[in-house]
Each structure stands twice: as structure tokens, then as C-alpha cells.
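Trainee: Provided below for reference: sequence and predicted model.
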Amino acid sequence: MSRLGELTYTLDFRARGPGQEENKMLSSDIQRANSELADRAIPRIAVLMALAIRFVGLLRAKKFRDYAELARLGRVTRARMTQIMKLLDLAPDIQEQILFLPNLKGLNERNLRPIVSRIDWNQQRPMFQKIIARRGRAGD
């Protein structure tokens with residue numbers, strides 16, 4: 001299930017003042033790149049999963065003291081930070097699937113809360129597959 005992908009962003013940091021017209025060629029390249037990125041948009045749930053993994057790494061490396069400090073820096077509540085970090089309670093194979101899933105309409109952290117609340121990974125797996133199947137049919 002491991003699929004490594006690479007996203008490339010083009011950023012234009014040049015300042016343009018009044019009377020300076022942007023490069024038309026650059027503009028069309030940016031528009032094309034933006035439309036390609038929109039086609040390959042990373043699902044929000046995958047972003048949250050990746051953040052949770054990154055945050056736990058930072059905590060283990062003692063770059064931050066606790067969830068509260070991460071929440072302050074990320075400008076979210078401690079409760080929201082806990083919700084995001086609870087994604088790490090999912091079975092490792094479910095975490096991997098989330099990271100590489102296509103964008104399924106309606107799949108979000110809230111939908112995963114009943115699964116996260118289960119300790120037994122063997123109970124989590126069929127629950128997750130049921131959600132994926134339901135969301136996959138809804139997107140057709």
C-alpha cells in the first residue's frame with residue numbers, strides 16, 4: 001500500500017509594484033500548476049494524520065514540552081490538538097491507508113472518532129473499511 005508521491009510547488013517571491021506587469025509566461029505556468037495541484041489535492045484527513053505523526057516526533061525529540069505548547073503555537077485549542085493526536089491510536093495499517101487515500105468526500109477526523117475510541121486494532125479495521133466503502137460509493 002506504500003505509494004510515495006512528490007508534490008512540487010512554484011512560488012513567485014518577486015515584488016511587483018505599480019506599473020510592473022507580471023510575466024505572462026510565468027502567470028500561465030502558475031495557473032497550470034495550480035490546476036494540476038487542485039486535481040491532486042491532498043485530503044485534509046491525510047494532512048492531519050501527517051501532522052500527528054510529525055508532532056509526536058517533535059515531542060519525542062523534546063522540541064516541545066506537551067500538546068498544550070503545540071496547540072498554542074498552532075493556534076488551535078488543546079482539545080483540537082488532542083483530537084488530532086488521537087489519530088495515532090489507529091492501527092498502523094489504517095494510518096498508512098489514510099496517508100495515501102484518494103480524496104473521499106465526507107471522510108474526516110470526526111467520522112474516525114468511533115474507530116479511534118476502540119483499543120483493539122482488529123475491531124478498528126472492519127469499522128474503517130465500512131466507512132471507506134460507504135464514502136467510496138458516495139463519491140461515484
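Mentor: Looks like it arrived, so ask away.
Trainee: Tell me which residues are up against the helix or strand Gln97 falls within.
Mentor: Per DSSP states H and E, Gln97 falls inside helix 92-100. Outside helix 92-100, the residues that touch it by C-beta atoms under 8 Å, 6 or more residues apart in numbering are 1-3, 45-46, 49-50, 53, 87-88, 90, 115, 121, 124-125, 128, 132. The way it works is simple: take the backbone N, C-alpha and C, and place the C-beta from them, glycine included.
Trainee: Quick one: list the elements packing against the next helix or strand along the chain from it.
Mentor: Moving toward the C-terminus from helix 92-100, the next helix or strand (DSSP H and E) is helix 109-116. For helix 109-116, the contact count by 3 or more C-beta pairs under 8 Å, 6 or more residues apart in numbering; DSSP states H and E identifies helix 44-60, helix 78-85, helix 121-138 as packing neighbours.
Trainee: CA atoms of stretch 82-96 as PDB?
Mentor: C-alpha atoms of stretch 82-96 as PDB (Å, rounded to 0.1, in the frame of the first residue of the first chain):
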ATOM      1  CA  THR A  82      -5.900  16.000  21.400                       C
ATOM      2  CA  GLN A  83      -8.400  15.100  18.600                       C
ATOM      3  CA  ILE A  84      -5.700  15.300  16.000                       C
ATOM      4  CA  MET A  85      -3.200  13.300  18.100                       C
ATOM      5  CA  LYS A  86      -5.800  10.600  18.800                       C
ATOM      6  CA  LEU A  87      -5.400   9.600  15.200                       C
ATOM      7  CA  LEU A  88      -2.200   7.900  16.300                       C
ATOM      8  CA  ASP A  89      -4.300   5.400  18.200                       C
ATOM      9  CA  LEU A  90      -5.400   3.900  14.900                       C
ATOM     10  CA  ALA A  91      -3.900   0.700  13.700                       C
ATOM     11  CA  PRO A  92      -0.600   1.400  11.800                       C
ATOM     12  CA  ASP A  93      -2.100   0.000   8.600                       C
ATOM     13  CA  ILE A  94      -5.100   2.300   8.900                       C
ATOM     14  CA  GLN A  95      -2.800   5.200   9.400                       C
ATOM     15  CA  GLU A  96      -0.900   4.300   6.300                       C
END
